[in-house]
Every structure is written in C-alpha cells, then in structure tokens.
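> Attaching a predicted model along with its sequence, questions to come.
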Amino acid sequence: MEKNKLEDIVSLCKRRGFIFPGSEIYGGLAGTFDYGPLGAQLKRNITNAWLKFFVDDWDDIYLIDSPIISNPKVWKASGHVDTFHDPLIEDVKNKKRYRLDHLLEKNGIENVDAMTLEQMAQVVEEKSIKSPDGNELGSPAYFNMMFKTQVGPLEDGDSIAYLRPETAQGMFINFKNIVDSFYPDLPFGIAQVGKSFRNEISPGNFIFRLRELELMEFEYFIKPETWEETFEKWRKDMHAWFDKIGLDKTKIKEVEVPAEDRAHYSKRTLDCYYDFPSLGFQEISGLAYRTDFDLKSHQEHSGKNLEYRPKDGGAPFIPHVIEPTFGVDRNVMAVLSNAYTEDEVNGEKRIFLKLPIDLAPVKICVSPLLKNKPELVDKAREVYITLKKKYGAVMWDDNGNIGKRYRRQDEIGTPYCVVIDFDSLEDDSVTVRNRDDTSQERVKISEIDTIFAI
C-alpha cells in the first residue's frame, strides 16, 4: 500500500494556503493554479536558492530577464512553429480531446514516443482503443502547443505573435548583446528564470503539467570539442542541486533520451526523474547538448553575425551549447512530496512537512501561551518583533490552544515554535520546540539564536 498519495499533498496545499485551483470561484481553468502566501514564498525560496547555486556562486553566468512575447521570427528560426506539437485525438461522440501518446500509454502501449502519428493511429485501430468515456476515437492530428496572440490594434496575419513556450530563445537572441557588452571568455552561461506557456491538450496531475509554467535554466556556451566533459560537469551539478533542496537520492533516476525521442536541436539529452506519490517517476529536469543549432539558425534567419571571436586571436566560430533546465513548479511539487511526512505523537496521527530550513516559507512561529493575558502577549510581541527583524520569515500565531498551533505549524513546515509563558516574565526565557522530533528546550531570550540552524 502506498504510504503517501498525491491527493493528500493536494489537500494539504489547499487547506494550508500553499496552492489553490486557478480561477476557483468561476469553476477553475484546467492547467492553471494560484500559489497562495505559503506556496508563493516556497516557490520564491526555491528560485532564490537556484539563482544562488547556479548564478551568484559562479563567475561566468550572466542573468537576464527577457519578455514573454518576442518577434515571431524567433520561433520560426528556433523550429517551434514547425515542430513544437503534440499528437491530438478526439472522442467522436462528445468532442473531448486527448493527447494520443498519453492515451496509448494508459492502455499499456510501450515505446509510444518512438512512433509516428500514422503508427499511433494504426495501434488505435488494431487494439480498438476507446476514449476514457468509452467512445470511438477519430483520426489523430498534430497540434501546435504555442499560444497565439495579437500585437497591435489590428487582428491580421501581420500582428500574430506567440507567448514563449520556453525561456531558452531569449538567451540565444541576447548572446550577441552579452558578448558585445561584457566580452566574456568561453565557456560562459546566460541564465534566466521566467514564465513559459504551453497549450497542453490534457494538463493534469496537480502542478506537474501546466499551461502556464515557470522554468529555471541557462545556456552554457562552449567550444565544441569540450562538450562531453562539460556535459558531465553539469550532470553532477544537477544532482548537487537536488541534494541542496533535500530530495531523497533513492527517488531520483536518470533517463537517457534515445535519438528518436530527442528534440530536433539535441545531440544528447539526459532527463532526471523524481518518484512522485501516485505518479511514479516523472521528469523534473533535463540536460541537453544543443550543439550550435540555435545560434546558427538565428544567424541565418536574422542576418546578424553571431560568431564568437576568441581573445587569443583564433578563428571566429559559433559556440556550442549545454542546457540544464529545471521546472520550477515540478521542483516545488518534488520538494512538497519529499517533505510530506506522517508519524504519531502521543498516539495521535501527525502530518508535517519536513522542509529544509532554507526553503521553509516560515522559519519561526512565535506564540503567547495564552492570548487573553496581556502581559504574555506584550512579551511575546517583543520577541516576535526582534526575530522578525533578524530572520524575516517569522509568523505570529495565537489562535487556539498550543497543541493546535503546533499541529498547524507542523503542517506548513515551520522548523521552530517559540512559546512565551508565565516563567518568561520572571526569567526571560522561552520554550523552543523542534518540528522534526517535537523536542522542547528552554533557553534564555538573549541566547535564542544558538538554537536556530538558520
């Protein structure tokens, strides 16, 4: 029997203000979710940790922030207009549409990614595969996943633009700007964290497959002869990142993507999967060797010279690229799944999020033992203000009895609870409770920082 289920994590996220269904009061919108106060802070902590780990701690990574709408020629040059599509099939009775590859996989068909559209259609016919509602399926077709929009006052063919399906192209088209402005040595990288949009046919599995998602990635520009050693370096650093955010090593596996399944630009792709509750192993990051495809294509389509001129006077050339990509939402979901824990305290079931301290949305909760005693409240407020100024992510909680407060803080992953009682008024000490083992320690307010591993 599965220990934890995805529905348990979804329930906790809704109940405690991490993640809500998008547009919920209007019945929702498939593939969209709203991050509540705690979820937004968790997401922010993860992206900040990623920026420090992959950008701030390196001398050769340049951070940019490009717009979500760009000249449509960018997506023609990148190949997205012609190749960024998924196989679609329709229920002929109720007109519901499904990802054909996902439908085949759910019916036990293997190696679907290697099939052509015609081969998938043949399997549907031979196996008499029906829609999830038990109806006949129509003829499959490819569906481009980019969201179209209009730029300017006129809605005509010349005003068509696209919401970006990835952040990578913003980095490629800024390659020349970075080189001209900073003239960095090779190798160097351009990094970005930002929104991307994919018109998924069948989004689902909570925040795993979304229509509006966020990516953390960088393009690392190299000499072509160094690609294998650079690829291996970033492969190890990706696993170091998973350690940084506390993911269980036994729940991570690498998947070498075969040639027939790789993106059109990739010579080698390695995906990392996390073992999610109820879903099994699913992709949370990827590492691709994109060769010189993107820069060469943009040079051809734009007419601009995108070659790199070595500082040693060597011949100019177009650099090759290694691309590590991390899905922010999928990393959030992995962190929550990894942290979700159930145990017993005094014979009662306890649910808590065993989040790494640096990722926890709230680091410390401060409470007066009783909220109807002004002297306790005043003293607790003094402690709260002091800790808030120093640690920032500090919460005040005086709702319900102390046991309920502990359970509430456990569920949102708060590592420490600080309680001010009547003894505090006499000896200037407080009780500090640890989330993970529920142990309590009495400590002087002046020495309270020695308890926190923040």
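Received the coordinates, thanks. On a predicted model such as this, the values are computed, not experimentally measured, just so you know. Numbering: from 1, shown residues only.

> can we go C-alpha only for contacts and neighbour counts from here?
Will do.

> For the stretch 101-250 of the chain, which segments count as strands?
141-144, 148-150, 160-162, 188-197, 212-222 (DSSP state E, counting those that start in this stretch).

> Nearest to E254, out of these?
E254 sits nearest to strand 212-222 of all the strands of the stretch 101-250 of the chain, at 18.0 Å, using CA to CA.

> if you average pLDDT over that closest one, what comes out?
Strand 212-222 shows an average pLDDT of 96 in the prediction.

> repeat for stretch 309-321
Mean pLDDT, stretch 309-321: 93.

> So what would you say the end-to-end distance of that stretch is?
One end of stretch 309-321 to the other measures 16 Å (CA to CA, to the nearest Å).

> Which positions within that stretch qualify as buried?
With burial defined by 16 or more other CA atoms under 10 Å, the residues of stretch 309-321 counted as buried are R309, I318, P319, H320, V321.

> Identify the residues contacting V418.
Contact partners of V418, counting by CA atoms under 8 Å, 6 or more residues apart in numbering, are I364, C365, V366, S367, V430, T431, V432, R433.

> CA-only coordinates of the one helix or strand the fourth one maps to in CSV, if you can.
Taking DSSP states H and E as the definition, S367 sits inside strand 364-368. Below are the C-alpha coordinates for strand 364-368, written out as CSV (Å, rounded to 0.1, in the frame of the first residue of the first chain):
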residue,chain,number,x,y,z
ILE,A,364,9.9,30.5,13.2
CYS,A,365,6.5,30.9,14.8
VAL,A,366,6.1,33.0,18.0
SER,A,367,3.1,32.5,20.4
PRO,A,368,2.0,33.6,23.8
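
> which is the next helix or strand following that strand?
helix 374-391.

> tilt between that following helix and strand 364-368?
Going by axes from the mean of the first three to the mean of the last three CA atoms, to 10 degrees, helix 374-391 is angled at 170 degrees with respect to strand 364-368.

> what's helix 374-391 packed up against?
With contacts taken as 3 or more CA pairs under 8 Å, 6 or more residues apart in numbering; DSSP states H and E, helix 374-391 sits against strand 364-368, strand 394-396, strand 416-420, helix 422-427.

> Return the mean pLDDT over the third one, rounded to an integer.
Averaged over strand 416-420, pLDDT sits at 96.

> Flag every buried residue along that strand.
Y416, C417, V418, V419, I420.

> can you list those residues in JSON lines and add distance to E426?
Shown next, in JSON lines, are the buried residues of strand 416-420 (distance: CA to CA, whole Å):
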{"residue": "Y416", "distance to E426": "23"}
{"residue": "C417", "distance to E426": "20"}
{"residue": "V418", "distance to E426": "17"}
{"residue": "V419", "distance to E426": "14"}
{"residue": "I420", "distance to E426": "11"}
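
> between these, which is closest to R405?
C417 (9.0 Å).

> beta partners for that closest one?
When bridges are called by DSSP bridges, C417 pairs up with C365, R433.

> returning to that earlier point: do you know which of the strands of the stretch 101-250 of the chain lies nearest F293?
Nearest to F293, of these and by CA to CA, is strand 212-222 at 12.0 Å.

> wait, doesn't E90 sit right on L137?
Yes - applying CA atoms under 8 Å as the test, E90 and L137 come out as touching, 5.7 Å apart.

> circling back: now render the strands of the stretch 101-250 of the chain as TSV, adding mean neighbour count.
Output for the strands of the stretch 101-250 of the chain, formatted as TSV (neighbours: other CA atoms under 10 Å):
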stretch	mean neighbour count
strand 141-144	17
strand 148-150	14
strand 160-162	18
strand 188-197	21
strand 212-222	23
